[in-house]
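*Asks:* Let me see the structure of the following:
(one chain, ligands or ions: 1)
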Amino acid sequence: MAKQEDVFKKLISHAKEYGFIFPSSEIYDGLSAIYDYGQNGAELKSNIKQYWWKAMVQMNENIVGIDSAIFMHPTIWKASGHVDAFNDPLIDNKDSKKRFRADVLLEDYCAKLEEKAQKEIEKAAKRFGDAFDKNEFETTNGRVIEYREKQKTILSRMAKSLENEDLADVKALIEELEIADPDTGSKNWTDVRQFNLMFGTKLGASADSATDLYLRPETAQGIFVNFLNVQKTSRHKLPFGIAQIGKAFRNEIVARQFIFRMREFEQMEMQFFVPPGTELSFYEEWKQKRLNWHLALGLGADNYKFHDHEKLAHYANAAADIEFKFPFGFKELEGIHSRTDFDLKAHEKFSGRKLQYFDSERNENYIPYVVETSVGLDRLFLAIFSNSLKEEVLDDGSERTVLSLPPALAPVKAAILPLMKKDGLAEYGEKIFNDLKFDFNMIYEDKDSIGKRYRRQDAIGTPFCITIDHDTLTDHTVTLRDRDTMQQERVPVADLRRIIDEKTNFRNLLSKI
Ligand code: ATP
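*Replies:* Sure, this is the predicted structure:
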């Protein structure tokens, strides 16, 4: 555990030291769970967005993208259920004064039971070797069955109590299981209360005439309320999708995991509108498509798993998360939800406007059903960043820190490094920079030893370093160093554009989906 925490601390300090992520308002001691992206972070984030946008909008003939406003009519959040039901159950520890999500305390308790079950399975796998039948062991071993049954009982009691708003029972469950504040061990809890996660603000000049507004807690509603505008102007028939990337705001109760859970964050959402009755097959299709999109990044198939929801949100008839193995364990990265006609129907009711589609094949009007894919951009950033950050011991015993980002996502594609400033090497380097800058984001650097400059580029994930030396002046070749293999080869300057493009083009990712 301590080791995991160290890895995470190292990641946060690397992100800061190399211009990826800074605490917001740092000179004023920061603002809790709000972060700023620095020069390299902004580039990486923008490249992740491009990968998503290209895969969803550019590569699908029947998906279009929009950019709706953050402020929306307040009745939208009544219709969507957020005013009444976008709550988290919170509980305070009276001794440590720390605030927790009651459901998360219970889920973490269950995760520990699951860890115990996994340990039993691993032990048995070692003991039985090749003869080990995992499935048989899981279904017959007393301890594993007991751990799993206990988890089920806890989670279903919690789900039932939350649904019935029986918060006293949620507290009783925490007390019965003797769950303690993980930091202090104290079991002195307050009652459980519901807490609405939406941030409120006001529109208008004077206090009396001002309208109460919310900062949107999800981007999806901007898509729903524009459904007919987009359908009519794009002339798409069902099934078709609307995609959007944008900021969302949630007043999270507990936000202690860096950019995993923020109060201001970005979502990349796509709502796919389908004829009623076909939603579950599209839901299965999108689950697989979205997993493939993640897998194409090459972070390792073992780092992903589906978690199918047993307790469904009020609007869904099927839901699953794609979970990723973060430094602190498997956690939700993306949600895929079959949202039925809940949202459009609610907006029809609250706005009094028809939000129906005329299906010429069925010869009928209906409210479309919706399959949603929703991924957090910052969470995805954390997944990619944490998986790519590596400490390597080299053959000569020295160490290097390398950020082995998928090349298409790297903030800087190539660094141009004249061996020295004089003798015309700097001018030659600038010439290459000015020629390639139309195609790639690059860095030009002529200070420090070449070894130091290589290490700095490794640390921000630059796939190529281009070194200019005296030979370059006469034979017009440069040394090209590969970030991952650290191999250096001599290549003609005239080939640089092609070589960099071959490695860093989005095509490499998109063609694998
Ligand atoms: P969680 O259970 O972790 O609170 P959620 O189920 O409320 O997440 P959704 O409402 O389904 O999340 O939002 C879709 C995606 O938006 C999530 O999969 C996640 O990647 C991202 N997301 C949600 N809340 C946050 C947050 N506070 N900070 C960063 N990303 C978030």
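*Asks:* tell me which parts of this protein are close to the ligand?
*Replies:* 218, 250, 252, 261-262, 265, 267, 332-335, 374-376, 378-379 (C-beta under 6 Å from any ligand atom). Placement of C-beta: from N, CA and C, glycine included.
*Asks:* In helices only, show me those residues.
*Replies:* The helices, defined by DSSP state H, take in D378, R379 from the residues of the chain next to the ligand.
*Asks:* what's the closest of the residues of the chain next to the ligand to V7?
*Replies:* V7 has its nearest neighbour among the residues of the chain next to the ligand in R379, at 17.4 Å by C-beta to C-beta.
*Asks:* number of nearby residues for the closest residue to D84 other than its chain neighbours?
*Replies:* Nearest non-adjacent residue to D84, counting by C-beta to C-beta, 6 or more residues apart in numbering: K78, 7.6 Å away. Neighbour count of K78, defined by other C-beta atoms under 10 Å: 13.
*Asks:* cool, and the one 10 residues further on?
*Replies:* Counted with other C-beta under 10 Å, the neighbours of D88 add up to 19.
*Asks:* Also F506?
*Replies:* Other residues close to F506 by other C-beta under 10 Å number 17.
*Asks:* Same check on M486?
*Replies:* M486 - counted by other C-beta under 10 Å - has 15 other residues nearby.
*Asks:* okay, now R498: neighbour count?
*Replies:* Counted with other C-beta under 10 Å, the neighbours of R498 add up to 10.
*Asks:* Outside of the one helix or strand it maps to itself, list whatever touches it.
*Replies:* Counting by DSSP states H and E, the element that carries R498 is helix 496-504. Contact with helix 496-504 is made by 407-408, 410, 413-414, 432, 435-436, 439-440, 463-464, 466, 478, 480, 491, as judged by C-beta atoms under 8 Å, 6 or more residues apart in numbering.
*Asks:* For the residue in the stretch 101-250 of the chain that the ligand sits nearest to, which residues are in contact?
*Replies:* Per C-beta to the nearest ligand atom, the residue of the stretch 101-250 of the chain with the smallest distance to the ligand is R250, at 4.9 Å. When contacts are counted by C-beta under 8 Å, 6+ apart, R250 touches L197, M198, F199, P217, R263, F265.
*Asks:* Kindly report the same for E107.
*Replies:* So E107 contacts L155 (C-beta under 8 Å, 6+ apart).
*Asks:* quick revisit: just curious, which of the residues of the chain next to the ligand is nearest to Q39?
*Replies:* Nearest member of the residues of the chain next to the ligand to Q39, counting by C-beta to C-beta, is D378, at 17.0 Å.
*Asks:* Now do the contacts for the residue in the stretch 301-450 of the chain that the ligand sits nearest to.
*Replies:* Going by C-beta to the nearest ligand atom, the ligand is nearest to G376 of the stretch 301-450 of the chain, at 2.4 Å. For G376, the contact set (C-beta under 8 Å, 6+ apart) comprises F265, E266, Q267, M268, L333, E334.
*Asks:* Of those residues, which is the most crowded?
*Replies:* Top of the contacts of G376 by neighbour count (other C-beta under 10 Å): E334, with 25 neighbours.
*Asks:* Grab the nearest non-local neighbour of it.
*Replies:* Nearest residue to E334, sequence neighbours excluded (C-beta to C-beta, 6+ apart): V375, at 3.9 Å.
*Asks:* again, but for D482
*Replies:* Closest residue in space to D482, ignoring its immediate chain neighbours: F464 at 6.8 Å, by C-beta to C-beta, 6+ apart.
*Asks:* mean confidence score for stretch 217-230?
*Replies:* Average pLDDT, stretch 217-230: 97.
*Asks:* Could you list the buried residues of that stretch?
*Replies:* Going by neighbour count (16 or more other C-beta atoms under 10 Å), the buried part of stretch 217-230 is P217, E218, T219, A220, Q221, G222, I223, F224, V225, N226, F227, V230.
*Asks:* domains of the protein?
*Replies:* With domains defined by automatic domain parsing, the chain comprises 1-71+217-389, 95-193, 394-510.
*Asks:* Determine how far the longest one lies from the middle of the whole chain.
*Replies:* With C-alpha atoms, centre = their mean, to the nearest Å as the basis, the distance from the averaged C-alpha position of domain 1-71+217-389 to the chain average is 8 Å.
*Asks:* Regarding A320, what is its secondary structure?
*Replies:* Three-state call for A320 (DSSP: H, G, I helix; E, B strand; the rest coil): strand.
*Asks:* what number of residues lie near the closest residue to it other than its chain neighbours?
*Replies:* Nearest residue to A320, sequence neighbours excluded (C-beta to C-beta, 6+ apart): D308, at 4.7 Å. D308 has 10 neighbouring residues, counting by other C-beta under 10 Å.
*Asks:* M56 too?
*Replies:* Each residue near M56 was counted by other C-beta under 10 Å, and the total is 25.
*Asks:* State the three-state secondary structure for it.
*Replies:* Three-state call for M56 (three-state DSSP): helix.
*Asks:* Check which helix or strand the residue nearest to it when sequence neighbours are not counted maps to.
*Replies:* In space, and not counting its chain neighbours, M56 is closest to A243: 4.7 Å by C-beta to C-beta, 6+ apart. Per DSSP H and E: A243 is located in strand 240-249.
*Asks:* Only alpha carbons, please: show that strand as CSV.
*Replies:* Output of strand 240-249 as CSV, limited to C-alpha atoms (Å, rounded to 0.1, in the frame of the first residue of the first chain):
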residue,chain,number,x,y,z
PHE,A,240,-27.5,8.6,-35.4
GLY,A,241,-25.4,10.1,-32.7
ILE,A,242,-24.5,13.5,-31.3
ALA,A,243,-21.1,13.9,-29.6
GLN,A,244,-19.8,16.7,-27.4
ILE,A,245,-16.7,17.6,-25.4
GLY,A,246,-17.0,20.1,-22.6
LYS,A,247,-16.7,21.1,-19.0
ALA,A,248,-18.9,19.8,-16.2
PHE,A,249,-19.0,20.8,-12.6
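*Asks:* What residues of the helix or strand containing E122 count as buried?
*Replies:* According to DSSP H and E, E122 maps onto helix 102-128. For helix 102-128, burial by neighbour count (16+ other C-beta under 10 Å) applies to A102, D103, V104, L105, L106, Y109, C110, L113, A117, E120, I121, A124.
*Asks:* still on that earlier bit, between the residues of the chain next to the ligand, which has the least confident prediction?
*Replies:* The weakest per-residue confidence within the residues of the chain next to the ligand falls on E252 (91).
*Asks:* That residue is in contact with F265, isn't it?
*Replies:* No. Contact between E252 and F265 fails when scored by C-beta atoms under 8 Å: they sit 9.4 Å apart.
*Asks:* tell me the pLDDT at A255?
*Replies:* 75.
*Asks:* Below-threshold pLDDT in the stretch 51-200 of the chain: ranges please.
*Replies:* Scanning the stretch 51-200 of the chain for pLDDT under 70 picks out no residues.
*Asks:* Show me the strands in it, by range?
*Replies:* For the stretch 51-200 of the chain, applying DSSP state E, counting those that start in this stretch gives strands covering 63-66, 87-92, 99-101, 193-196, 200-203.
*Asks:* Could I get the full set of strands for the stretch 251-400 of the chain?
*Replies:* Counting by DSSP E, counting those that start in this stretch, the stretch 251-400 of the chain has strands at residues 264-274, 304-308, 318-326, 329-340, 357-359, 364-366, 369-376, 389-393, 399-403.
*Asks:* how about these in CSV, adding distance to E178?
*Replies:* Formatted as CSV, the strands of the stretch 251-400 of the chain follow (distance: least, C-beta to C-beta, whole Å):
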stretch, distance to E178
strand 264-274, 34
strand 304-308, 26
strand 318-326, 27
strand 329-340, 22
strand 357-359, 54
strand 364-366, 52
strand 369-376, 33
strand 389-393, 37
strand 399-403, 42
